[in-house]
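Requesting a structural model of the entry that follows:
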Amino acid sequence: MGTSASSTGPNNKSPLLPPWAEQGTPIEIGAGGGDQGGDDNQQTPDKAEVDNGKVQQQILGPKPDIPSANRLAGARKLFGDNAKSGSSEAGLKSSLKRYSKSSGGGSGTSRRLASGITAGSGLLGIMQGDSVTSKGQTLSLSDLNGLSTDQVIDRIAEHLTPENGDADAVRLALDFALAEVLPEDEAFDASMFTGDVVQEAISNYLTDLIFQDVVNGMGKAWFHVEHPSTHHKIEEEIRDLVKVITDSKLDNLMRDNAGKISQENIIQIQIDVISQTVNEWENFDD
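Numbering: from 1, shown residues only. Below is the predicted model of the structure:
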């Protein structure tokens with residue numbers, strides 16, 4: 001699944017932290033809402049409420065300052081030059097390094113993606129068998145049994161997509177994450193969400209959230225990509241580069257969490273994976 005690169009992206013007056021990243025309708029995760037997945041799944045002992053404000057409170061470091069003029073110009077130039085030359089891994093790494101430095105680094109990216117982190121907490125809840133209430137509606141695995149996997153993906157994504165400026169990016173990330181782990185052309189049942197599948201889905205989800213942020217941030221630099229096949233190739237290269245790092249960061253964090261993702265640690269795990277992945281770009285060679 002790709003994304004649209006027709007937008008010019010944020011401009012010099014765009015805040016590093018959009019207002020909706022600090023506000024939003026909460027998601028409530030309640031234990032035992034439906035049939036459970038595999039034996040590795042965990043239950044939350046009590047109801048948990050997650051919103052963007054709670055996410056912001058767990059992110060270390062100050063909120064981003066007012067952006068400087070032309071803050072993304074350097075990253076966009078590097079990206080555009082790389083796109084015109086056909087793209088290379090070295091060129092993409094240089095672009096990502098500059099993008100991290102000009103967009104608030106790992107902490108700033110985590111803050112900017114708070115709506116996605118909130119939705120990710122709901123995604124975990126659904127996959128682990130909890131009932132999840134969002135926008136006044138409740139969904140659990142028992143509502144999904146017997147549907148096709150395409151229908152399941154659509155129901156979950158629709159349920160968790162926020163009603164704000166991050167709606168498209170979060171929806172795309174949810175679609176990508178679930179399409180990558182659920183088998184095609186099979187009737188869904190809850191046992192598909194084993195512990196390993198849950199972790200892979202979370203990794204895919206965070207990968208695509210970060211990917212969408214980069215694609216949007218590069219904005220009009222995409223206009224240097226003249227052919228659709230080149231456009232698709234560069235998208236896949238960016239996503240693959242992000243995925244390798246995201247997988248590594250999540251695997252490392254799982255060692256510190258006894259190999260489990262739970263509602264008690266899902267917010268911090270998402271923050272840490274996003275922050276560490278983006279900060280890793282700053283170690284790339286120029």
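
Name the residues that touch the helix-or-strand element of the chain with minimal mean pLDDT?
Ranking every helix and strand in the chain by mean pLDDT, DSSP states H and E puts helix 73-84 at the bottom, with a mean of 88. Residues outside helix 73-84 that contact it (CB atoms under 8 Å, 6 or more residues apart in numbering) are 88, 91-92, 94-95, 98-99, 102-103, 217-225, 230, 234. All C-beta atoms are positioned from the backbone trio N, CA, C, and that covers glycine.

Check stretch 227-245 too.
Against stretch 227-245 from outside (CB under 8 Å, 6+ apart): 2-3, 5, 83, 86-87, 89, 92-93, 96, 203-204, 207-208, 210-211, 214-215, 222, 225, 276-277, 280.

go again using 6 Å as the cut-off
Here stretch 227-245 makes contact (CB atoms under 6 Å, 6 or more residues apart in numbering) with 2, 87, 92, 207, 210-211, 225, 277, 280.

ok, now stretch 15-26?
Against stretch 15-26 from outside (CB under 6 Å, 6+ apart): 49, 51-52, 56, 63-64, 67, 104, 108, 111-112, 114-115, 162, 164-165.

Filter those residues down to the ones in helices?
Taking DSSP state H as the definition of helices, those contribute 52, 56, 108, 111-112, 114-115.

rewinding a little: give me the ChimeraX select line for the contacts of stretch 227-245, limited to the buried ones.
Selection of the buried residues among the contacts of stretch 227-245 in ChimeraX, burial being defined by 16 or more other CB atoms under 10 Å:
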select :87,92,207,210,211,225,277,280
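
circling back: list the buried residues in the helix or strand following the least confident helix or strand of the chain.
Note on helix 73-84: by DSSP states H and E, the next helix or strand toward the C-terminus is helix 89-102. Neighbour-count burial for helix 89-102 flags 91-100, 102 (criterion: 16+ other CB under 10 Å).

Dump helix 89-102 to CSV, keeping only the CA atoms.
What follows is helix 89-102 as a C-alpha-only set of coordinates in CSV (Å, rounded to 0.1, in the frame of the first residue of the first chain):
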residue,chain,number,x,y,z
GLU,A,89,20.1,4.1,-0.1
ALA,A,90,22.9,6.6,0.7
GLY,A,91,20.8,9.4,-0.7
LEU,A,92,17.7,8.4,1.3
LYS,A,93,19.7,8.1,4.5
SER,A,94,21.1,11.6,4.0
SER,A,95,17.6,12.9,3.5
LEU,A,96,16.3,11.2,6.6
LYS,A,97,19.2,12.4,8.7
ARG,A,98,18.4,16.0,7.7
TYR,A,99,14.7,15.5,8.1
SER,A,100,15.1,14.2,11.7
LYS,A,101,17.2,17.3,12.6
SER,A,102,14.7,19.7,11.1
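
which helices and strands does it pack with?
helix 73-84, helix 266-281 (3 or more CB pairs under 6 Å, 6 or more residues apart in numbering; DSSP states H and E).

Is it possible to get TSV of those helices that adds distance to Q137?
TSV is the format used below for those (distance: least, CB to CB, whole Å):
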stretch	distance to Q137
helix 73-84	39
helix 266-281	21
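
Point out the most buried one among those helices.
helix 266-281 (a mean of 23; mean count of other CB atoms under 10 Å).

I would like the residues contacting it, please.
Counting by CB under 6 Å, 6+ apart, 55, 58-59, 96-97, 100, 106-107, 109-110, 117, 120-121, 124, 206, 245-246, 249-250, 253 sit against helix 266-281.

do stretch 198-206 as well
Outside stretch 198-206, the residues touching it (CB under 6 Å, 6+ apart) are 120, 127, 173, 177, 180-181, 246-247, 250, 273.

if we go to 8 Å?
So stretch 198-206 is contacted by 37, 40-41, 116, 120, 123-124, 127-128, 173-174, 176-178, 180-181, 193, 243, 246-247, 250, 254, 261, 266, 269-270, 273-274, 277 (CB under 8 Å, 6+ apart).

so where's the chain uncertain?
1-14, 31-46, 65-69, 226, 286 (pLDDT under 70).

now do 80
Applying pLDDT under 80 to the chain flags residues 1-16, 31-46, 64-70, 86-87, 185, 220-231, 258-259, 286.

any idea which helix is longest in it?
Max-length helix for the chain by DSSP H is helix 228-255.

Helix or strand for the residue nearest the centre of the chain, just tell me which one.
Centroid-nearest residue in the chain, with CA atoms, centre = their mean: L209, separated by 2.6 Å. Assessed by DSSP H and E, L209 sits inside helix 195-218.

got it, and I29?
strand 27-30.

Outside of that strand itself, list whatever touches it.
By CB under 8 Å, 6+ apart, strand 27-30 touches 44, 47-51, 118-119, 121-122, 125, 130-134, 160, 263.
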